[in-house]
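A.B. asks: let's see this in three dimensions:
(one chain, ligands or ions: 1)
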Amino acid sequence: MAVSFAAVNLRTMALRSSSKLLRRSSHLLPPIHMQHSAPPLTRKISMDARSIASQLNRSGLLKTQGLIGGKWSDSYDGKTIQVYNPATGESIADVACMGGKETNDAIASAYDAYRSWSKTTAAERSKLLRKWYDLLMAHKEELAQLMTLEQGKPLKEAMGEVNYGAGFIEFSAEEAKRIYGDIIPAPMSDRRLFVLKQPVGVVGAITPWNFPLAMITRKVGPALACGCTVVIKPSELTPLTALAAAELAIQAGIPAGAVNVVMGNAPEIGDALLASPQVRKITFTGSTAVGKKLMAGSAETVKKVSLELGGNAPCIIFDDADIDIAVKGTLAAKYRNSGQTCVCANRILVQEGIYDKFAKALIDAVRNMKVGDGFGEDVVQGPLINEAAVKKVETLLQDATSKGAKVMLGGKRHSLGFTFYEPTVVGDVNSDMRISREEVFGPVAPLLRFKTEEDAIRIANDTNAGLGSYVFTNSIQRSWRVAEALEYGLVGINEGVISTEVAPFGGFKQSGLGREGSKYGMDEYLEIKYVCLGNMKKE
Ligand code: SIN
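C.D. replies: The predicted structure follows:
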C-alpha cells in the first residue's frame with residue numbers, strides 16, 4: 001500500500017502550495033509553477049541574488065539538479081520548480097522537479113552503494129565523514145548565504161546553523177568508531193552468545209525548510225556512520241543548501257550512490273520511498289499529519305521509522321525566576337528562526353505574581369528586535385517562509401483576540417511588506433484558544449497566567465505534543481520536580497536554546513518517535529543481531 005501524499009499537508013508543501021506569495025508577488029514574479037518545457041541550459045538566477053549567486057557559482061556550490069548515483073541529474077521530463085527568496089519574493093533559481101522515476105533510480109543507486117559502503121570499516125567511514133565536516137566548515141559562509149537566500153533567516157543565525165549542522169557530521173564521524181555490540185554470558189556452557197549491531201540498509205530522509213542544513217546532517221551523519229546509504233528529499237522551498245551539502249559530500253570522497261538527493265513532487269517521491277522494499281527506514285522531520293501518513297505507509301513493508309514532528313512548547317516562568325534570565329531565555333526560545341522551529345516556545349505560562357513585570361520586560365526586549373532582510377546589519381528576525389505561514393499566524397491571533405486575548409505589542413504584518421511580521425506579544429491567552437493548542441510557527445508570544453506549580457504542570461501537559469519545554473526558576477528542587485513532571489522529550493531549565501548534536505532530540509506523545517543526535521540517535525540506524533555460537537559435539 002503506497003500512501004498518497006496528495007491530500008496531505010507536508011509542512012513544507014502546505015506552506016508553499018496555498019502560498020499568497022503567488023498573489024503578493026504576482027506583480028513581481030511569475031507564480032510558482034512547474035515548467036513543462038525542456039530546462040534552460042543556464043538556469044535562471046534573479047538579479048538581486050546575482051552577486052551572491054555568482055560567488056556561490058564560482059565555488060561550485062550552487063547546484064540545481066538532483067543527485068542520483070553520484071551524478072547530477074535533471075528531472076527526466078525536464079520539469080523545474082522555482083526557489084524563492086522570502087525576503088524579496090524574487091526567484092533565486094529553478095531546480096529540477098523530480099518524481100517517482102528519479103526516486104526509484106536514487107533508491108536503486110543507494111541499494112547498490114549499500115553493498116560496499118556497509119562493508120567499509122568504521123575507521124574509513126569516520127575519515128570520510130570528518131572530511132565532509134571539514135568541507136562544510138570551510139564553506140561555512142557560502143552555506144550560510146545560501147540558507148539566508150532561500151530560507152530568510154538572518155545571516156548570523158544561518159552561520160549558527162552551519163556550526164550546528166556540521167556538528168552532527170563531526171559527532172557521527174567520532175561515534176562511527178563506537179558502535180559496539182555485546183557478549184552475553186550464556187546459560188549453557190557449550191554456547192557463546194553475541195549481539196552485533198548492523199546498518200538497517202537504505203534510508204529515506206525527508207527534511208523540512210526551517211533548518212535546510214541541520215535537519216539533513218542530523219539524519220545523514222548517523223546513517224552513513226552506521227553503514228547505511230541515503231536518499232534525501234529536501235523541502236522544495238529550500239533545496240539549494242541541501243544540494244550544496246551533497247556536493248561537499250562528493251568532494252569529501254563519500255562514494256557515489258551513498259548520498260542521493262531528489263526533490264520536486266513530494267507526493268510522488270514520498271510514495272516511491274514508502275513503496276520500495278529496499279528502503280528499510282524512513283526518517284522525517286515535519287508536521288504531525290504527514291508523520292502519521294509516513295508511519296502508516298511504512299507498515300506495508302515494515303520499515304523502521306523515526307519521526308520528529310510538531311511541538312507545542314510550554315515556557316514556564318515561575319515567580320522565583322530571575323527576570324532578566326527568563327526574558328533572555330524566552331526571547332531565544334520564542335523568536336529563534338522567526339518562531340519557525342518545532343521547539344519554539346508556543347505558550348508562555350507566567351505565574352501571577354510576576355506576570356505584569358515579566359510582560360513589561362519581555363515587551364521592552366522584543367521592541368528592540370530588528371526585523372529585515374537576513375543580509376541586513378543587526379537584523380535578528382527575517383521574514384516568514386511564505387504567505388501561508390503569515391496567514392496561519394493571522395488566523396490564530398484573530399481567534400485569540402476574538403476570545404479575549406490582548407495584543408500587547410505588534411500583532412500585524414510588518415511595514416516591510418512581503419512575509420515580514422511584527423514580533424508580537426499577546427496577553428490574557430487561555431488554554432481554550434487555538435493559539436494555545438496549535439503550533440503558531442511565527443513570531444508571536446502568547447502569555448498565559450497561572451497560579452500554582454500544579455496548575456503550570458497541568459496546563460503544560462494538556463496537549464498531544466511533547467517535544468520542547470522550558471522552565472525558569474531559581475529553585476533547584478522545583479527544577480527537578482517540574483522537569484520530571486513535564487511530558488516532554490526536551491526540558492530547558494533557565495535556558496532557551498537547548499539543541500545540540502551531543503544530546504538526544506525527540507518527542508513524547510504525538511511529537512514523534514525515536515531520537516536524533518547523541519549516542520541514542522545512532523541506534524535508530526542499526527539493527528540488533530543476536531548470534532548464538534554452538535559447540536555441539538558429535539555423539
Ligand atoms: C526543528 O524545528 O525541527 C528542529 C529545531 C532544532 O533542532 O533546534
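
A.B. asks: how close does residue 142 sit to the ligand?
C.D. replies: Separation of residue 142 from the ligand (CB to the nearest ligand atom, to the nearest Å): 22 Å. To be clear about C-beta, it is placed using only N, CA and C from the backbone, and glycine gets the same treatment.

A.B. asks: now that residue: phi and psi?
C.D. replies: phi -60, psi -40 (degrees, to the nearest 10).

A.B. asks: I'd say it and residue 59 touch.
C.D. replies: Yes: contact criterion CB atoms under 8 Å: residue 142 and residue 59 qualify, at 5.4 Å.

A.B. asks: out of those two, which sits in the more crowded spot?
C.D. replies: Counted by other CB atoms under 10 Å, residue 142 and residue 59 do not tie: residue 142 has more neighbours, with 21 against 14.

A.B. asks: tell me the pLDDT of that one.
C.D. replies: Note for residue 142: predicted pLDDT of 95.

A.B. asks: who touches it in this structure?
C.D. replies: Contact analysis of residue 142 by CB atoms under 8 Å, 6 or more residues apart in numbering lists 55, 56, 59, 61, 244.

A.B. asks: pull out the buried residues from those.
C.D. replies: 56, 61, 244 (16 or more other CB atoms under 10 Å).

A.B. asks: part of a helix, is the last one?
C.D. replies: Yes: under DSSP: H, G, I helix; E, B strand; the rest coil, residue 244 sits within a helix.

A.B. asks: so how far is residue 192 from it?
C.D. replies: Using CB to CB, to the nearest Å, we find residue 244 at a distance of 48 Å from residue 192.

A.B. asks: same question, the first one
C.D. replies: Between residue 56 and residue 192 the distance is 56 Å, computed by CB to CB.

A.B. asks: please apply the same query to residue 423.
C.D. replies: 63 Å.

A.B. asks: those two: which is more packed in?
C.D. replies: Set side by side, residue 423 and residue 192 show more neighbours around residue 423, with 26 against 15, by other CB under 10 Å.

A.B. asks: ok, now which ones touch that one?
C.D. replies: Shown in contact with residue 423 (CB under 8 Å, 6+ apart): 335, 366, 369, 371, 381, 409, 410, 443.

A.B. asks: taking those residues one by one, which sit in helices?
C.D. replies: Applying DSSP state H to the contacts of residue 423, the entries found in helices are 335, 366.

A.B. asks: apart from its neighbours in sequence, what residue is nearest the residue nearest the centre of the chain?
C.D. replies: The centre of the chain sits closest to residue 215, judged by CA atoms, centre = their mean, with a distance of 4.2 Å. Excluding its sequence neighbours, the residue lying closest to residue 215 (CB to CB, 6 or more residues apart in numbering) is residue 207, at 4.3 Å.

A.B. asks: which helix in the protein has the most residues?
C.D. replies: Assigned via DSSP H, the chain shows its longest helix as helix 155-175.

A.B. asks: what mean pLDDT does stretch 524-532 have?
C.D. replies: Averaging pLDDT along stretch 524-532 yields 98.

A.B. asks: isn't the residue nearest to the centre of the chain up against residue 221?
C.D. replies: No: look at residue 215 against residue 221 with CB under 8 Å: they stay out of range, at 11.2 Å.

A.B. asks: related to what we said a few turns ago, other SSEs contacting the longest helix of the chain?
C.D. replies: Secondary-structure packing of helix 155-175 (3 or more CB pairs under 8 Å, 6 or more residues apart in numbering; DSSP states H and E): helix 122-138, helix 140-151, helix 214-226, helix 518-523.

A.B. asks: report the distance from the following helix or strand past it to the chain centre.
C.D. replies: Sequence order places strand 182-184 as the next helix or strand after helix 155-175, per DSSP states H and E. With CA atoms, centre = their mean, to the nearest Å as the basis, strand 182-184 stands 36 Å off its chain's centre.

A.B. asks: who does strand 182-184 pair with, and is each partner parallel or antiparallel?
C.D. replies: Counting by DSSP bridges, the strands paired with strand 182-184 are strand 191-199 (antiparallel).

A.B. asks: any buried residues in the strand it pairs with, and which?
C.D. replies: Buried, per 16+ other CB under 10 Å, within strand 191-199: 197, 199.

A.B. asks: angle of it against helix 214-226?
C.D. replies: Computed by axes from the mean of the first three to the mean of the last three CA atoms, to 10 degrees, the angle separating strand 191-199 from helix 214-226 equals 140 degrees.

A.B. asks: show me what the following helix or strand past strand 191-199 is packed against.
C.D. replies: On the C-terminal side of strand 191-199, the nearest following helix or strand under DSSP H and E is strand 202-206. Applying 3+ CB pairs under 8 Å, 6+ apart, one finds that strand 202-206 makes contact with helix 100-117, helix 214-226, strand 229-233, helix 266-275, strand 279-285.

A.B. asks: strand 202-206 - what's its average pLDDT?
C.D. replies: Strand 202-206 comes out with an average pLDDT of 99.

A.B. asks: do the same with stretch 103-115
C.D. replies: pLDDT averaged over stretch 103-115 gives 98.

A.B. asks: can you tell me which residues in the stretch 101-250 of the chain are near the ligand?
C.D. replies: 210, 211, 214 (CB under 6 Å from any ligand atom).

A.B. asks: pretty sure the second one contacts residue 158?
C.D. replies: No: with contact defined as CB under 8 Å, residue 211 does not count as touching residue 158 (10.1 Å).

A.B. asks: contact residues of this protein facing the ligand?
C.D. replies: Residues of the chain lying near the ligand (CB under 6 Å from any ligand atom): 210, 211, 214, 285, 308, 341, 342, 343, 499.

A.B. asks: just among those residues, which is most surrounded?
C.D. replies: For the residues of the chain next to the ligand, the largest number of neighbours (other CB under 10 Å) sits with residue 342, at 31 neighbours.

A.B. asks: how about the contacts made by that one?
C.D. replies: 210, 285, 308, 309, 310, 311, 439, 467, 468, 511.

A.B. asks: could I get the phi/psi values of the fourth one?
C.D. replies: Here is the backbone geometry of residue 309 (degrees, to the nearest 10): phi -110, psi -160.

A.B. asks: for residue 54, see how far away it is.
C.D. replies: Per CB to CB, residue 309 is found 39 Å from residue 54.

A.B. asks: who's more crowded, these two?
C.D. replies: Between residue 309 and residue 54, counted using other CB under 10 Å, residue 309 has the larger neighbour count: 29 against 11.

A.B. asks: contacts only, for that one.
C.D. replies: By CB under 8 Å, 6+ apart, the contact set of residue 309 is 284-288, 291, 342, 465, 467, 507, 510-512.

A.B. asks: can you do 6 Å?
C.D. replies: 288, 291, 511, 512 (CB atoms under 6 Å, 6 or more residues apart in numbering).

A.B. asks: now, which of those sits nearest residue 362?
C.D. replies: Set against residue 362, the nearest of the contacts of residue 309 by CB to CB is residue 511 (25.5 Å).

A.B. asks: just the pLDDT for the closest residue to that closest one other than its chain neighbours.
C.D. replies: Nearest non-adjacent residue to residue 511, counting by CB to CB, 6+ apart: residue 467, 4.0 Å away. Listed pLDDT for residue 467 reads 98.

A.B. asks: just residue 30 next, same as before
C.D. replies: 27.

A.B. asks: you'd agree residue 317 is up against residue 324?
C.D. replies: No: applying CB atoms under 6 Å, one finds residue 317 not in contact with residue 324, separated by 11.9 Å.

A.B. asks: neighbour count: the two, which is higher?
C.D. replies: residue 317 (28 against 10).

A.B. asks: hmm, who's touching stretch 234-253?
C.D. replies: 12, 16, 61, 63, 67, 81, 95, 128, 131-132, 135-136, 143, 146-147, 150-151, 207-209, 212-213, 216, 259, 261, 263.

A.B. asks: same question for that stretch: list its buried residues.
C.D. replies: 234-250, 252.
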